[in-house]
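*Asks:* heads up, no residue letters with this:
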């Protein structure tokens, strides 16, 4: 059974390392995830009281059996969904726009104000009485592993800056290269393939 899981992991690794722009891969153990979650909480506590930060994506990734980190350059395929949302009173009042045609469309909308090159604020949704807003980093789809029948509940997440530095340090990746980013990818192995006694640490050992 362990050899079956090892074979699956080797296929996953080969798939990830074959994606354009991916230059490194790291298996994250439970202690790594604990440190990353603590760093995300620190970032949230230090964020402005008027616009707090909350990384929902990293929390979701951490719930999976296996979590990997990849180092990616600007050649990595862009996501098809926003990596950051601005939420106020439960409503999305701003978001990253990843589709160029949608950027152009919104530039002609009087209620849409671009406060950054690809981040739009919807003026008609902003309510002064709503109180503090929240910048949310949501879970992201990761379709590159969808073709693998043994893989379940795949989810990805963008770490904030402190976690990004921690991951780069663990991976031995260049921390000074601003063009180099990191992404967390979490998934489960189909129950028929993954022994219940195995965890993130033992899977990492199998594939090291």
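*Replies:* Looks like it arrived, so ask away. The shown structure was predicted, so the numbers you read here are calculated from the model rather than taken from an experiment.
*Asks:* I'd guessed residue 27 sits against residue 70; true?
*Replies:* No: contact criterion Cβ atoms under 8 Å: residue 27 and residue 70 do not qualify, at 11.0 Å. The C-beta positions use only the backbone N, C-alpha and C, and glycine is treated the same way.
*Asks:* hey, where'd the strands end up in the chain?
*Replies:* Under the criterion DSSP state E, the chain contains strands at 22-27, 51-55, 66-72, 85-88, 91-96, 112-116, 119-122, 133-137, 151-157, 181-189.
*Asks:* pLDDT averaged over the last one, what's the number?
*Replies:* For strand 181-189, the mean pLDDT works out to 96.
*Asks:* what comes into contact with stretch 56-65?
*Replies:* Applying Cβ atoms under 8 Å, 6 or more residues apart in numbering, the set of residues contacting stretch 56-65 from outside is 33, 36-37, 40, 67, 136-140, 153, 155-159, 163, 184-189, 194, 198-200, 203.
*Asks:* Quick check: PyMOL command selecting the buried ones in these.
*Replies:* Applying 16 or more other Cβ atoms under 10 Å to the contacts of stretch 56-65 leaves a buried subset, and the PyMOL line that selects it is:
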select buried, resi 33+36+37+40+67+136+137+138+139+140+155+156+157+158+159+163+184+185+186+187+188+189+194+198+200+203
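*Asks:* you'd agree residue 160 is up against residue 55?
*Replies:* Yes: the criterion here is Cβ under 8 Å, and residue 160 meets it with residue 55 at 6.0 Å.
*Asks:* Pull the contacting residues for residue 90.
*Replies:* The contact partners of residue 90, by Cβ under 8 Å, 6+ apart, come to none.
*Asks:* you'd agree residue 52 is up against residue 135?
*Replies:* Yes: using Cβ under 8 Å, residue 52 is in contact with residue 135, at 7.0 Å.
*Asks:* give me the low-pLDDT residue ranges for this protein?
*Replies:* Residue ranges of the chain with pLDDT under 70: 1-3, 130, 191-208.
*Asks:* Who is the residue nearest in space to the middle of it paired with across the strands?
*Replies:* When Cα atoms, centre = their mean is applied to the chain, the residue found nearest the centroid is residue 157 (1.1 Å). Taking DSSP bridges as the rule, residue 157 bridges to residue 184.
*Asks:* residues in contact with it?
*Replies:* 55, 57, 58, 60, 61, 137, 139, 140, 183, 184, 186.
*Asks:* what about the second one, how many neighbours?
*Replies:* Residues within reach of residue 57, counting by other Cβ atoms under 10 Å, total 24.
*Asks:* if I look at residue 102, how far off is residue 80?
*Replies:* Using Cβ to Cβ, to the nearest Å, residue 102 is found at 11 Å from residue 80.
*Asks:* try residue 73
*Replies:* To residue 80, residue 73 is 19 Å away according to Cβ to Cβ.
*Asks:* What count of nearby residues applies to the closest residue to residue 37 other than its chain neighbours?
*Replies:* Spatial nearest neighbour of residue 37, excluding adjacent residues (Cβ to Cβ, 6 or more residues apart in numbering): residue 62 at 6.1 Å. Neighbour count of residue 62, defined by other Cβ under 10 Å: 21.
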